[in-house]
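Asks: sequence unavailable; structure follows:
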């Protein structure tokens, strides 16, 4: 025993020493490590198969742009799933937020709206998403309705309201040119798309929040053992409402991104966003039972389908194989999570 | 004898038709291990919950160092230096030992970073190492999730957490019930160490030899009332069981 290891008392020589968690494990979590290797394997494979096209600057930009909206939704979803919950409503909340923003912009300049009106529109979208999240969080936490049902109901209601407001037609003129040309199509220094920068900012900020702050720690604690959290004085209900509010805020931001990228409110789209995002989060090693997960893992989980899609198109294979592969990886990831849980319960 | 540290006087509690506590008394003196024993349904859990703030009694008084206190929640009790090690341990299995030790009482970076509530993991780990070392608990790696630790190690984490914050009383509800012989011995050693630090330990247990081995005094609850008090060193298992079942006349 060295002098530096203060307090480590060695008295039980027969005990099996638990392996110390390495840095990479801590960053990724054991499950995300596997998924990361799969992602690396895909990249290596496509790079060898199509060296002149795959992972060129153009290709990377395409992959990142396609992943941007899922990434933002995935950040909120990671928090929710770590608490042991689920948010099925993200796609609908994205649409509702975008529709309300577009409705405002249409009456304040339309296609030719200036930045002050656009900014108000952005704020409306973010506020709508957040408010919707607070509402869902309140019903989950206080009324104790299971999150699956609350957000399934929320999915239907948000989409219904969006359609009522627009009478079922996309809002013409809701995506002003100034927004489309910057957030939608514009690139920083002509290289990095703004939509990717927004996604990276959301990911980094909330990745740090999850890993290094009290908010993140309590998110894990609630998902791991809500009763234990309550007994040490953590305000579990309030934290849950905040977590669902965060997921709503992310949907609101994604609503603006979608508006800018697709030039319209896309009320007929995004119906499978929720499943795609949940798949990405779970592939990234976040446990559906709560208590475990990382934003880094979610990034990996979002990029697997994005890389597959791009790579399969490039090598001339039907991109529908992506769905098959992602489905298999998803089941594998949850199988690993189950293995880990079972081995723990045996100990 | 010295002045009581924690005292219950005439506590009553009714659940519907069931009178769980019928004027129950209880006394813990400073720096002792006092065992609270009784048959199933004698009111042990209810009494402990009342004294640790988990429920409010219908009547009676709780005194800490001679002053009446109102414990509306476990947090109230914790603020007064009273901690509880629950039978289910109340740990977050996905968090490591250092995180569990500080759960709800995290340490943060100070200065201009303080408003951001950024966790000071290094400081928490150091504090956890110190806390475990003081109790002679050997955790090789305090950075693995407590869910992957053995039952005895998990128990140690829960006890260390209570000890780290309790400066008056610790309630331990059946702390050895799920443990093997070796681990059981370790927990009992830990209980003695805690007592030697000047903190009173209230031990709730069904295991009579264990009670006699570790406790200084024994208080017996029967049908919601205290029916007997023993000095452990002068008592036998037969006497304790007799008092619990009512076969022996009440004594004090």
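Replies: Arrived safely, thanks for sending. Worth saying up front: this structure is predicted, and the values here are computed from it rather than measured.
Asks: and the residue nearest to residue A:145 when sequence neighbours are not counted, what element?
Replies: Counting by Cβ to Cβ, 6 or more residues apart in numbering or on different chains, residue A:145 lies nearest to residue A:139, which is 5.3 Å off, once chain neighbours are set aside. No exception for glycine: its C-beta is placed from N, CA and C like everyone else's. Taking DSSP states H and E as the definition, residue A:139 sits inside helix A:115-141.
Asks: rewinding a little: my read is that the residue nearest to residue A:145 contacts residue A:146, right?
Replies: No. Counting by Cβ atoms under 8 Å, residue A:139 does not reach residue A:146; the two are 10.0 Å apart.
Asks: and the pLDDT at the closest residue to residue A:273 other than its chain neighbours?
Replies: For residue A:273, ignoring the flanking residues on the chain, the nearest one in space by Cβ to Cβ, 6+ apart is residue A:91 at 3.5 Å. As predicted, residue A:91 sits at a pLDDT of 95.
Asks: before we move on, the earlier item: so between residue A:139 and residue A:146, which is more surrounded?
Replies: Higher neighbour count among residue A:139 and residue A:146: residue A:139, with 20 against 12, using other Cβ atoms under 10 Å in any protein chain shown.
Asks: using the three-state scheme, assign the closest residue to residue B:158 other than its chain neighbours.
Replies: Using Cβ to Cβ, 6+ apart and skipping residues adjacent in sequence, the residue nearest residue B:158 is residue B:89, 4.3 Å away. Secondary structure, DSSP: H, G, I helix; E, B strand; the rest coil: residue B:89 is coil.
Asks: what of the one 10 residues further on?
Replies: Under the three-state scheme (three-state DSSP), residue B:99 adopts helix.
Asks: for it, give its distance to residue B:36.
Replies: Per Cβ to Cβ, to the nearest Å, residue B:99 is found 31 Å from residue B:36.
Asks: over to residue B:224?
Replies: 13 Å.
Asks: residues in contact with residue B:115?
Replies: By Cβ atoms under 8 Å, 6 or more residues apart in numbering or on different chains, no residues touch residue B:115.
Asks: so it versus chain A, what's the distance?
Replies: As judged by Cβ to the nearest Cβ, to the nearest Å, residue B:115 and chain A stand 11 Å apart.
Asks: now swap in residue B:49 and tell me
Replies: Residue B:49 is 12 Å from chain A, by Cβ to the nearest Cβ.
Asks: the residue nearest to residue B:158 contacts residue B:154, correct?
Replies: Yes. Here residue B:89 reaches residue B:154: they are 5.8 Å apart, a contact under Cβ under 8 Å.
Asks: circling back to that earlier point, check what pLDDT the residue nearest to residue A:145 gets.
Replies: 97.
Asks: tell me, how many residues neighbour residue A:109?
Replies: 19.
Asks: state the pLDDT value of it.
Replies: So, for residue A:109, pLDDT stands at 84.
Asks: name the helix or strand for residue 159, please.
Replies: Assuming you mean chain A. Counting by DSSP H and E, residue A:159 is found in helix A:147-166.
Asks: sorry, I should have been clearer: chain B.
Replies: helix B:151-165.
Asks: and the helix or strand following that helix with helix B:151-165, angle?
Replies: Counting by DSSP H and E, the next helix or strand C-terminal to helix B:151-165 is strand B:169-173. Per axes from the mean of the first three to the mean of the last three Cα atoms, to 10 degrees, the angle that strand B:169-173 makes with helix B:151-165 is 160 degrees.
Asks: next secondary structure after strand B:169-173?
Replies: Following strand B:169-173 in sequence, per DSSP H and E, is helix B:181-196.
Asks: and the residue of the stretch 151-252 of chain B found nearest chain A, what's its pLDDT?
Replies: Closest to chain A within the stretch 151-252 of chain B is residue B:151: 8.2 Å, counting by Cβ to the nearest Cβ. Per-residue pLDDT puts residue B:151 at 82.
Asks: skipping adjacent residues, who's closest to it in space?
Replies: Nearest non-adjacent residue to residue B:151 (Cβ to Cβ, 6+ apart): residue B:178, at 5.4 Å.
Asks: just give the number of residues close to that neighbour.
Replies: 15.
Asks: ditto for residue A:103
Replies: Neighbour tally, residue A:103, other Cβ under 10 Å: 18.
Asks: in what helix or strand does it lie?
Replies: Here residue A:103 is assigned to helix A:90-106, by DSSP H and E.
Asks: spell out which residues of the stretch 1-150 of chain B are next to chain A.
Replies: Counting by Cβ under 8 Å from any Cβ of the partner chain, the stretch 1-150 of chain B comes close to chain A at B:74-75, B:78, B:86, B:88, B:90-95, B:99, B:103-106, B:108, B:116-119, B:129-130, B:132-133, B:136-138, B:140-141, B:143-145, B:147-150.
Asks: among those, which lie within helices?
Replies: Using DSSP state H, the members of the residues of the stretch 1-150 of chain B next to chain A that fall in helices are B:74-75, B:78, B:99, B:129-130, B:132-133.
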